[in-house]
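Student: Got a predicted model here, sequence first, then my questions.
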Amino acid sequence: MTAKTVRRSDNRSALMEKIMRLAPAAAALSLLFAVTASMSAAGERADDPRATALVAEGRQLLNGGDTQAAIDAFEAALAVDPAMTSVFLDLAEAARSDGLQGKAIRYYREARERDPDNFAAISGEGEALVEKGAMTAAREALSELEERCGETCVETRQLAAAIEARPAVMTAEASPADNGVTQN
């Protein structure tokens, strides 16, 4: 072997060693960029036009008083576009109009699970809790809204008004004693 061949072989070895050292880091960075790009693109996703049309139809039906047909339209919209979180708010409103506050709360919580910053879902859940009589939980929702959205936020004011409008319920412990009752 000549000295020139040995140097070329050493240069190749050094080059291969550098490539092998940097390859995992380059692969990790490439993966990070790919995931970041796909997540940011997913956040900008537009709703399916068919689902949007079904939601509009459901809202018309709900405003017309046909709650079950509205629920069917909302559920169909969710089947068409399962990632459409706003449908859960419409389903919750339909459940509330049927007097099913527990079901409405479940829909609001699903919307919040998908989008924790959905103030309409927090407010709606709080209003459903008020309708159900769970005032402590409703006040907790109000407190969360005040922290995250502010006291002048539309959703905060709506929930505060719902809590304020709820008449006070007298508990058995707070009822006045009946003077006509005697002990045996």
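Tutor: Nice, thanks for sending it over.
Student: From now on I want contacts and neighbour counts done on CA atoms only, so please keep to that.
Tutor: Fine.
Student: what about A111, which helix or strand?
Tutor: For A111, the element it lies in under DSSP states H and E is helix 101-114.
Student: Against which helices or strands is that helix packed?
Tutor: helix 86-97, helix 119-132 (3 or more Cα pairs under 8 Å, 6 or more residues apart in numbering; DSSP states H and E).
Student: quick one: contacts of the longest one?
Tutor: In this case it means helix 119-132. By Cα atoms under 8 Å, 6 or more residues apart in numbering, the surrounding residues in contact with helix 119-132 are 89, 96, 101-102, 104-105, 108-109, 111-112, 135, 137-139, 141-142, 145, 149, 155-156, 158-159, 162-163, 166.
Student: Closest to the centroid, which residue in the chain?
Tutor: Among the residues of the chain, R112 comes closest to the average C-alpha position under Cα atoms, centre = their mean, at 2.4 Å.
Student: Go ahead and confirm that one touches A141.
Tutor: No. Taking contacts as Cα atoms under 8 Å, R112 lies outside contact range of A141: 12.0 Å.
Student: Which secondary structure elements does the helix or strand encompassing A160 sit against?
Tutor: Assigning secondary structure by DSSP H and E places A160 in helix 154-165. Helix 154-165 is packed against helix 119-132, helix 135-148, with contacts defined by 3+ Cα pairs under 8 Å, 6+ apart.
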